[in-house]
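Enquirer: A predicted structure for the sequence below; I have some questions about it.
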Amino acid sequence: MKKSIFLFFLTLCLLFSVCALGESSSFALDSFYAGIIDYKGSDSEVIVPGEIDGHPIYTIHMHGFFHDDSITELTFEEPIHTFDIGAVAYLDHLVQIHLPESLRIIGRNNLTNFPLLESITVPAGVRYIGMSSFSYCDALQSVTFLGDAPYIETSCFSGLSNSFTCYVPDDQFDAYRAIIPEKITVQPSGKASIKIDLHVPESD
């Protein structure tokens, strides 16, 4: 009898779990429903939603978008603010990527090994870029920064073409030049830094 009751409730749980997938059927979520741990779809143009089944998405976890040969365009929506270590990398056919204005942290080994991607724009609110990011992208010609200089770890901008250039806000040129490796060309973008309020309001 107890076994039958257990199986009945287990079946109900599985049924509700399947029903709850909805939009998340292409994305595997973490146990807190706050981050994506894997993309399970096969679309070439992928929009990563900022909300799935009523749950806001804040983090792309390690290998969330990794070694995928189908993706050519990748768009991340707000309020996603963190790319975990190696979350977005090794996408052999990626030609366009759109990062959200809410992005604050780019963990190490991100935005690497995109052989076809030619440009990346870094939102103004990014405050940290981990080591080895923006590396080994054969066709990459430019990374354009929109905000104040973030903290950039070592070994970023490795394995790029000689024509690669970082474009930075005019009023932040010296700050960027001090943290980007000397071998990398840095040029003013012709625009001022976009100022972002990073203050998190206190809850009532």
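Expert: It's in.

Enquirer: Spit out the contact partners of C166.
Expert: S142, V143, T144, F145, F157, Y176, I180, I184, T185, V186, Q187 (Cβ atoms under 8 Å, 6 or more residues apart in numbering). Any C-beta I mention is one placed from the backbone N, CA and C, and that applies to glycine too.

Enquirer: Closest one of these to I36?
Expert: Comparing those against I36 with Cβ to Cβ places V143 closest, at 23.7 Å.

Enquirer: Which ones among the contacts of C166 map onto helices?
Expert: The helices, defined by DSSP state H, take in Y176 from these.

Enquirer: just the buried members of the contacts of C166?
Expert: Applying a neighbour-count criterion of 16 or more other Cβ atoms under 10 Å, the buried members of the contacts of C166 are S142, V143, T144, F145, F157, Y176, I180, I184, V186.

Enquirer: for this structure, which residue is closest to the average position?
Expert: Centroid-nearest residue in the chain, with Cα atoms, centre = their mean: F83, separated by 4.7 Å.

Enquirer: Test my guess that that one contacts I105.
Expert: Yes: in this structure, F83 is within contact of I105 by Cβ atoms under 8 Å, at 6.7 Å.

Enquirer: quick one on the thing from earlier: what's across from the residue nearest to the centre of the chain in the sheet?
Expert: I60, I106 (DSSP bridges).
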